[in-house]
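Below is the structure, and that's it, no one-letter string:
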């Protein structure tokens with residue numbers, strides 16, 4: 001039943017915004033019908049949304065030749081959000097509109113090992129420059145989405161258990177941003193936000209597994225249309241799953257032959273350099289693969305096979321419709337996915353693989369910042385948050 005029952009609490013401005021944003025109701029008459037509010041009550045709530053620039057009112061054609069009916073539309077330009085995607089070797093910052101679309105972006109070409117204070121300080125400076133270059137007003141910023149490569153304690157906004165990020169553990173991250181931008185900050189794992197972005201890019205897929213393979217290896221799971229973070233925010237830490245045929249390489253987590261130390265982009269750089277190849281970065285590995293270097297192609301395929309070995313158990317467990325692969329190593333997709341498919345189809349049940357799609361991510365390196373934007377937009381555009389903002393004006 002779409003309409004509200006007579007015993008329901010009166011719809012708030014935030015709930016009316018949701019109806020408009022979701023396309024459920026576009027005119028004041030339709031809003032009144034959906035909510036049971038009087039014309040005066042609808043007008044009061046709509047006027048507050050118009051004043052806050054969250055919706056616009058557009059005159060449409062009259063259905064019967066009378067007075068044109070005005071339609072309310074979600075105003076994606078009614079503010080911005082900042083997105084900061086922290087990576088082990090480099091980070092990205094972006095200014096996005098209220099749909100998560102990127103308006104301006106930049107790369108911070110420095111490792112996260114410089115520490116959270118310096119890196120996020122530089123990220124704030126980069127955001128200021130983006131706002132200035134785009135002639136965007138600070139007052140229009142509604143929130144900041146931040147991702148880091150590791151498990152996150154969302155209650156406190158700090159990263160936990162991140163061997164690849166020394167100096168970041170249990171540092172409360174939001175205050176490093178809110179001292180400059182006094183807006184809500186949401187923090188999450190880097191692959192979780194990529195999963196949010198890929199889910200938005202695949203609106204017909206409610207069950208997907210997002211896999212990032214770059215300096216490290218991780219996964220994000222969307223099941224039944226919802227991101228699954230796990231009991232303590234550590235869902236998807238597949239990089240620290242040992243593989244069966246490793247040579248005994250120690251991992252920073254304390255285990256041996258973890259997927260991350262054998263199949264990540266950083267591991268491939270190490271192994272190719274040990275064989276005398278001119279490989280210093282993951283981009284060098286990708287270039288060697290594209291040049292047809294036999295050792296690079298072979299090692300990437302082995303990495304894919306090891307990744308597929310771990311993913312096979314996940315595919316059996318959660319039965320995704322799509323496995324999307326992103327991260328810097330996706331540039332070597334063909335040999336990588338050949339190894340992934342070989343292992344998954346050999347180790348997983350036929351029932352879960354018969355229609356399984358294994359594809360590169362759709363967002364061409366932007367899934368991190370777009371996912372950060374979606375992360376914070378889910379909060380700041382919720383009915384409760386909108387009502388809280390409007391109650392203060």
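Ah, there it is. Keep in mind that what you see is a predicted model, and the values were worked out from it rather than measured.

is it true that residue 181 touches residue 124?
Yes - here residue 181 lies in contact with residue 124, judged by Cβ atoms under 8 Å, at a distance of 7.4 Å. The way it works is simple: take the backbone N, C-alpha and C, and place the C-beta from them, glycine included.

what about residue 209, which SS state?
Classification of residue 209 by DSSP: H, G, I helix; E, B strand; the rest coil places it in strand.

what number of residues lie near it?
Around residue 209 there are 27 other residues, counting by other Cβ atoms under 10 Å.

residues near residue 14, how many?
Residues within reach of residue 14, counting by other Cβ under 10 Å, total 22.

go on, residue 21?
Using other Cβ under 10 Å, residue 21 has 19 neighbouring residues.

Kindly give the local confidence score, pLDDT, for it.
Note for residue 21: predicted pLDDT of 95.

separation between the closest residue to it other than its chain neighbours and residue 114?
Nearest non-adjacent residue to residue 21, counting by Cβ to Cβ, 6 or more residues apart in numbering: residue 74, 4.5 Å away. Between residue 74 and residue 114 the computed distance is 39 Å (Cβ to Cβ, to the nearest Å).

returning to that earlier point: how near is the residue nearest to residue 21 to residue 243?
Look at residue 74 and residue 243: by Cβ to Cβ, they are 47 Å apart.

Give me the more crowded residue out of the two.
Neighbours were counted for residue 74 and for residue 243 using other Cβ under 10 Å; residue 74 has more, 20 against 17.

Not counting sequence-adjacent ones, nearest residue to residue 352?
Counting by Cβ to Cβ, 6+ apart, residue 319 is the residue found nearest to residue 352 once chain neighbours are left out, at 4.8 Å.

Name the residues of the least confident helix or strand in the chain by mean pLDDT that are buried.
Sorting the helices and strands of the chain by mean pLDDT, DSSP states H and E puts strand 158-160 at the bottom, at a mean of 79. Residues of strand 158-160 classed as buried by neighbour count (16 or more other Cβ atoms under 10 Å): 158-159.

What lies in contact with it?
Here strand 158-160 makes contact (Cβ atoms under 8 Å, 6 or more residues apart in numbering) with 148, 150-153, 165, 168-173, 187, 233.

Write the PyMOL selection for whichever of those are buried.
Listed next is the PyMOL selection for buried residues among these, using 16+ other Cβ under 10 Å:
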select buried, resi 148+150+151+152+165+168+171+173+187+233
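
Just put the contacts of strand 158-160 in JSON lines and tack on distance to residue 278 and pLDDT.
Output for these, formatted as JSON lines (distance: Cβ to Cβ, whole Å; pLDDT from 0 to 100):
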{"residue": "148", "distance to residue 278": "31", "pLDDT": "93"}
{"residue": "150", "distance to residue 278": "31", "pLDDT": "83"}
{"residue": "151", "distance to residue 278": "35", "pLDDT": "84"}
{"residue": "152", "distance to residue 278": "36", "pLDDT": "87"}
{"residue": "153", "distance to residue 278": "41", "pLDDT": "85"}
{"residue": "165", "distance to residue 278": "28", "pLDDT": "78"}
{"residue": "168", "distance to residue 278": "31", "pLDDT": "88"}
{"residue": "169", "distance to residue 278": "35", "pLDDT": "87"}
{"residue": "170", "distance to residue 278": "39", "pLDDT": "86"}
{"residue": "171", "distance to residue 278": "37", "pLDDT": "89"}
{"residue": "172", "distance to residue 278": "42", "pLDDT": "91"}
{"residue": "173", "distance to residue 278": "37", "pLDDT": "94"}
{"residue": "187", "distance to residue 278": "38", "pLDDT": "95"}
{"residue": "233", "distance to residue 278": "39", "pLDDT": "83"}
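
would CSV of the contacts of strand 158-160 with distance to residue 288 and secondary structure be doable?
As requested, the contacts of strand 158-160 are exported to CSV (distance: Cβ to Cβ, whole Å; DSSP: H, G, I helix; E, B strand; the rest coil):
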residue, distance to residue 288, secondary structure
148, 30, strand
150, 29, coil
151, 33, strand
152, 34, strand
153, 39, strand
165, 28, coil
168, 31, coil
169, 35, strand
170, 39, coil
171, 37, coil
172, 41, coil
173, 36, coil
187, 36, strand
233, 36, coil
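
And for residue 346, the neighbour number?
By other Cβ under 10 Å, neighbour count at residue 346 equals 12.

Next one: it, what pLDDT does it get?
Reported pLDDT at residue 346 in the predicted model: 94.

can you check residue 161 too?
pLDDT, residue 161: 62.

now the closest residue in space to residue 170 that isn't next to it in sequence: how far from residue 123?
Of all residues not flanking residue 170 in the chain, residue 158 sits nearest, at 5.2 Å (Cβ to Cβ, 6+ apart). Distance of residue 158 to residue 123, computed by Cβ to Cβ: 16 Å.

now residue 96
Going from residue 96 to residue 123 by Cβ to Cβ gives 14 Å.
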